[in-house]
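S.K.: Any chance you could fold what I've pasted below:
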Amino acid sequence: MDAMTKQEILLEKKRVITVQGRDKAGRPIVRIVGKNFPARELGGGGGGHAEAALKGYVRRRVMPAIGDAEFVVVYMHSGVDRGVNFPGVGAVRAAYESMPAAVRERLHAVYFLHPGLQSRLFFSTLGRFLFSSGLYGKLRYVSRLEYLWAHVRKGELDVPEVVRRHDDELEQRPLMDYGIEASERCGVFDAASMDTTASLHSLRCAS
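M.R.: Numbering: from 1, shown residues only. Presented below is the predicted three-dimensional model:
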């Protein structure tokens, strides 16, 4: 197999995408930590560098680790900020579509942890147009870590401290789930600006 590029090595160093643990059905887990994604270092969110890096890393590191097994993805959205650590919808879509059809068919579910109001609105309105029906239909929103453990073996998945802190914040301020109360990190991840022309500017401060 050819060597990884500098951008792919950066993704590995940051531990953006790792294969670790099993869900309760024994499927391997692809863990994605959104906050770890080095968008700025790769040339900005949604750029070609991010897309190429994700595609290459998935091909060289993720697919060999999964093998021929059915698998799940756990995407941890906590702390994501557009332009700092979000690759853009185009890059995510390209990484998914770069996998062979047989691999995509083995994807059982994508657990989207801590989606926030903006993310839910964005995907409910535009998700089905931006992603294939196969991927869109496998998306599962998970508002709390405790609900994730209903599907995933708790002791096998490493949860970063930033994710645990955000989960605690949501427990203490439950109205944040509905956009009624904004997070202290107002403005984090403008979901409508995920390299699309859609606009949800009025919800910019909704977590």
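S.K.: all strands for the protein, in order.
M.R.: For the chain, applying DSSP state E gives strands covering 17-22, 28-33, 71-76, 107-113, 139-142.
S.K.: Mind putting the ones you listed into TSV with mean pLDDT and distance to Arg59?
M.R.: For glycine as for every other residue, the C-beta is placed from the backbone atoms N, C-alpha and C. Below are those laid out as TSV (pLDDT from 0 to 100; distance: least, Cβ to Cβ, whole Å):
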stretch	mean pLDDT	distance to Arg59
strand 17-22	94	12
strand 28-33	94	13
strand 71-76	94	15
strand 107-113	93	15
strand 139-142	91	23
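S.K.: what's the residue closest to the geometric middle of this protein?
M.R.: The centre of the chain sits closest to Tyr75, judged by Cα atoms, centre = their mean, with a distance of 3.7 Å.
S.K.: can you tell me which residues contact the closest residue to that one other than its chain neighbours?
M.R.: In space, and not counting its chain neighbours, Tyr75 is closest to Ile32: 4.6 Å by Cβ to Cβ, 6 or more residues apart in numbering. The neighbourhood of Ile32, defined by Cβ atoms under 8 Å, 6 or more residues apart in numbering, consists of Val16, Ile17, Val73, Val74, Tyr75, Met76.
S.K.: do Gly56 as well
M.R.: Contacts of Gly56 by Cβ under 8 Å, 6+ apart are Met4, Thr5, Gln7, Glu8.
S.K.: ok, now which ones touch the last one?
M.R.: Read it as Glu8. When contacts are counted by Cβ under 8 Å, 6+ apart, Glu8 touches Ala53, Gly56, Tyr57, Arg60, Arg61.
S.K.: one more time with 7 Å, if that's ok
M.R.: Ala53, Gly56, Tyr57, Arg60 (Cβ atoms under 7 Å, 6 or more residues apart in numbering).
S.K.: now the third one
M.R.: Contacts for Gln7 (Cβ under 7 Å, 6+ apart) come out as Leu42, His49, Ala52, Ala53.
S.K.: Grab the nearest non-local neighbour of it.
M.R.: Ala53 (3.7 Å).
S.K.: I'd like to know how many residues surround that neighbour.
M.R.: Applying other Cβ atoms under 10 Å, we find 28 residues neighbouring Ala53.
S.K.: again with Glu161
M.R.: Around Glu161 there are 8 residues (other Cβ under 10 Å).
S.K.: what residue ranges in this structure score low on pLDDT?
M.R.: 1, 43-47, 82-88, 90, 129-130, 174-207 (pLDDT under 70).
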